[in-house]
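*Asks:* Starting from these lines, generate the structure:
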Amino acid sequence: MESDPRSIELLTDMVMKQDAMLKEQQRTNAELHELISRVAGLDDQQAKTNLGIGELRLSVMRLADELHDTHELRERVQRLESQVFGQR
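*Replies:* Now for the predicted structure:
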């Protein structure tokens with residue numbers, strides 16, 4: 001059985017292209033794994049950020065309550081002073 005030189009040339013070319021595609025696929029897979037690792041790290045960081053934001057929100061709410069209480073106390077003191085010392 002004789003081989004056609006053109007067939008051998010085409011098969012050789014196909015094998016070379018397959019090798020190139022395999023290398024490209026391996027490179028793409030490596031980049032994908034790196035990206036997955038980075039996204040997992042971002043997920044962890046986002047969870048920490050969300051916890052921090054929750055703590056800050058709670059602190060701001062407590063501060064607002066304290067400011068409200070201080071404002072009410074100031075108004076009470078002003079009313080008491082006006083009754084004790086007379087209208088100013």
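
*Asks:* where does this structure have low pLDDT?
*Replies:* Low-confidence segments of the chain (pLDDT under 70): 1-3, 87-88.

*Asks:* if we go to 50?
*Replies:* The model of the chain has pLDDT under 50 over residues 1.

*Asks:* What ranges does this structure have for its helices?
*Replies:* Assigned by DSSP state H, the helices in the chain fall at 5-85.

*Asks:* So which residue is smack in the middle of it?
*Replies:* Nearest to the mean C-alpha position of the chain, counting by CA atoms, centre = their mean, stands Gln46 at 4.2 Å.

*Asks:* count of residues packed around Gln83?
*Replies:* Counted with other CB atoms under 10 Å, residues neighbouring Gln83 total 9. No exception for glycine: its C-beta is placed from N, CA and C like everyone else's.

*Asks:* and what of Lys23?
*Replies:* Lys23: 10 neighbours (other CB under 10 Å).

*Asks:* so who does it touch?
*Replies:* Applying CB atoms under 8 Å, 6 or more residues apart in numbering to Lys23 gives no contacts.

*Asks:* That one and Phe85, how far apart?
*Replies:* 90 Å (CB to CB, to the nearest Å).
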